[in-house]
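Trainee: I'll drop the sequence and a predicted model, then ask my questions.
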Amino acid sequence: MYKPTIKTFYNHRQVMENNIEKSFSMSPLKPKLLLRYLKRLGLTEHFFEIHHTFRPFVKEDFLIAHTEKYLDAVFTGTKPLCNSNNLPWSRELVKSLCYTNASLYKALEFASQNPDQITFSPSAGFHHARPESGGGFCTFSGQVIASIKLYRKYGLKTAWLDLDGHFGNSIEDSREFVPDLNNAVPKGFNINPSGKHLDYKLSLAHHLNLLEVAILRNEINCVVWAHGADSHEDDDMGGVCSTKEWIDCSRMFYTWVNEINAKRKKPLPVMLTLFGGYRMDDYHSVLSLHTADLICCLNTLCGHKLEYKPTIRLNPTRSGF
Ligand SMILES: [Zn+2]
């Protein structure tokens, strides 16, 4: 039901390379590292259609979800607010954020208008931001802005499946500041599964059941799958799923998409994105998990039969060594 490639909204300007060694988060560099990793595996040529000519967001786009005071601080580098994302401030960082946030929206918009094409925004760093500050390693509320733009332009409603290891507070914390957010992302559809191991999978299954009802009633039109790698038990900052459980969640989601498409007799707009994933000892493990998720999508929804076994190194700080 879907085209054989994943349309990927990636511009090299969405990557921030300077000062990265001073920061715990590799998120600003992750899009580039992941694309390079996929290329080395020989996957980018045949399975990912890279679209790089989208325009970056400007300050006015961020006003949808943030106060003027906060935006001024971030755009000019005024402390302490410009460091509320726990990242070293630089002009290059701000420029990259204008691209990551645009990538998130353009991928969502394209999926909504071309439902037979899975889209992908290789980006992270959105879901802890608030109207008046950043949070975690997140600067701007990209989810809020993307969903609001989609709703205001097309009247379409988004559900976010946020499988990052940390609760995504950005949408809930913006509901008062952005009144039509309750339409753009109806309450209950900023989905963050809870629990650990089997309970986490059961929580996901429960939410997928509720989401299916909403989609079949036309109360949700588009779905974003954000399978953060920090929900893996060996991540430095997360840890609720084994490798098998983490991949089981991917399988559950993509199989569910197929089942819902069979009921609707048309493809559901699906967009993928990255969210968290932190390994100081072995970043390859983070990239390998994201790759396993993308391969699962290509095999389950795009008609391929690719072999890929994720290689996750045991984390000595997490595994009791
Ligand atoms: Zn996280």
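Mentor: Happy to help now that I have it.

Trainee: For the rest of this, base every contact and every neighbour count on C-alpha atoms.
Mentor: OK.

Trainee: Contact residues of the stretch 101-250 of the chain facing the ion?
Mentor: Contacts of the stretch 101-250 of the chain with the ion, taken as Cα under 5 Å from the ion, map to 164-166.

Trainee: so what's H52 closest to, chain neighbours aside?
Mentor: Nearest residue to H52, sequence neighbours excluded (Cα to Cα, 6 or more residues apart in numbering): N11, at 4.7 Å.

Trainee: Grab the most central residue of this protein for me.
Mentor: Closest to where the C-alpha atoms of the chain average out (Cα atoms, centre = their mean) is T273, at 3.2 Å.

Trainee: so what's that one bridging to?
Mentor: Counting by DSSP bridges, T273 is bridged to S121, A226.

Trainee: Just to check, it is in contact with V223?
Mentor: No - T273 lies out of contact with V223 (Cα atoms under 8 Å); the separation is 11.0 Å.

Trainee: With adjacent residues omitted, what lies nearest to L301?
Mentor: Per Cα to Cα, 6+ apart, closest to L301 is Y2, 6.2 Å.

Trainee: Determine the number of other residues adjacent to that neighbour.
Mentor: 21 (other Cα atoms under 10 Å).

Trainee: can you check the one 5 residues further on too?
Mentor: Counted by other Cα under 10 Å, the residues lying close to K7 total 22.

Trainee: Would you confirm that it contacts P122?
Mentor: No - counting by Cα under 8 Å, K7 sits too far from P122 to count as a contact (10.8 Å).

Trainee: How about G155, nearest residue that isn't a chain neighbour?
Mentor: A184 (7.9 Å).

Trainee: mind listing what the one you found touches?
Mentor: For A184, the contact set (Cα atoms under 8 Å, 6 or more residues apart in numbering) comprises 147-148, 150-151, 155-158.

Trainee: Next one: Y254 from the ion, what distance?
Mentor: Shown here: Y254 relative to the ion, a distance of 22 Å by Cα to the ion, to the nearest Å.

Trainee: buried set for the strand or helix carrying that residue?
Mentor: Taking DSSP states H and E as the criterion, Y254 maps to helix 243-264. For helix 243-264, burial by neighbour count (16 or more other Cα atoms under 10 Å) applies to 243, 245-251, 253-258, 260-261.

Trainee: Is it correct that the residue nearest to L301 falls within a helix?
Mentor: No - using DSSP: H, G, I helix; E, B strand; the rest coil, the assignment for Y2 is coil, not a helix.

Trainee: ok, it touching N299?
Mentor: No - counting by Cα under 8 Å, Y2 does not reach N299; the two are 11.0 Å apart.

Trainee: Need the residues of the stretch 101-250 of the chain next to the ion in a markdown table (columns: pLDDT and secondary structure).
Mentor: Output for those, formatted as a markdown table (pLDDT from 0 to 100; DSSP: H, G, I helix; E, B strand; the rest coil):
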| residue | pLDDT | secondary structure |
| --- | --- | --- |
| D164 | 97 | coil |
| G165 | 96 | coil |
| H166 | 96 | coil |
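
Trainee: which of the residues you listed tops the neighbour count?
Mentor: That'd be G165 among those, by other Cα under 10 Å, with 25 neighbours.

Trainee: where's it relative to L210, distance?
Mentor: 21 Å (Cα to Cα, to the nearest Å).

Trainee: re earlier: okay if I get the contacts of A184 as CSV plus pLDDT, neighbour count and distance to L198?
Mentor: Below are the contacts of A184 laid out as CSV (pLDDT from 0 to 100; neighbours: other Cα atoms under 10 Å; distance: Cα to Cα, whole Å):
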residue, pLDDT, neighbour count, distance to L198
S147, 99, 27, 31
I148, 98, 27, 34
L150, 99, 21, 34
Y151, 98, 19, 35
G155, 98, 13, 37
L156, 98, 21, 33
K157, 98, 25, 30
T158, 99, 30, 27
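
Trainee: Present the residues you listed as TSV; the columns should include distance to S194 and secondary structure.
Mentor: Formatted as TSV, the contacts of A184 follow (distance: Cα to Cα, whole Å; DSSP: H, G, I helix; E, B strand; the rest coil):
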residue	distance to S194	secondary structure
S147	23	helix
I148	26	helix
L150	28	helix
Y151	28	helix
G155	30	coil
L156	27	coil
K157	23	coil
T158	20	strand
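
Trainee: how close does the residue nearest to N258 when sequence neighbours are not counted get to G277?
Mentor: Spatial nearest neighbour of N258, chain neighbours left out: L301 (6.9 Å); criterion: Cα to Cα, 6+ apart. Distance from L301 to G277, counting by Cα to Cα: 24 Å.

Trainee: Show me the shaky parts of the stretch 1-150 of the chain.
Mentor: 18-27 (pLDDT under 70).

Trainee: Walking through it, point out its strands one by one.
Mentor: Ranges of strands in the stretch 1-150 of the chain, per DSSP state E, counting those that start in this stretch, are 6-9, 48-51, 119-121.

Trainee: Single out the most deeply packed of those.
Mentor: Among the strands of the stretch 1-150 of the chain, strand 119-121 has the highest mean neighbour count (mean count of other Cα atoms under 10 Å), at a mean of 28.
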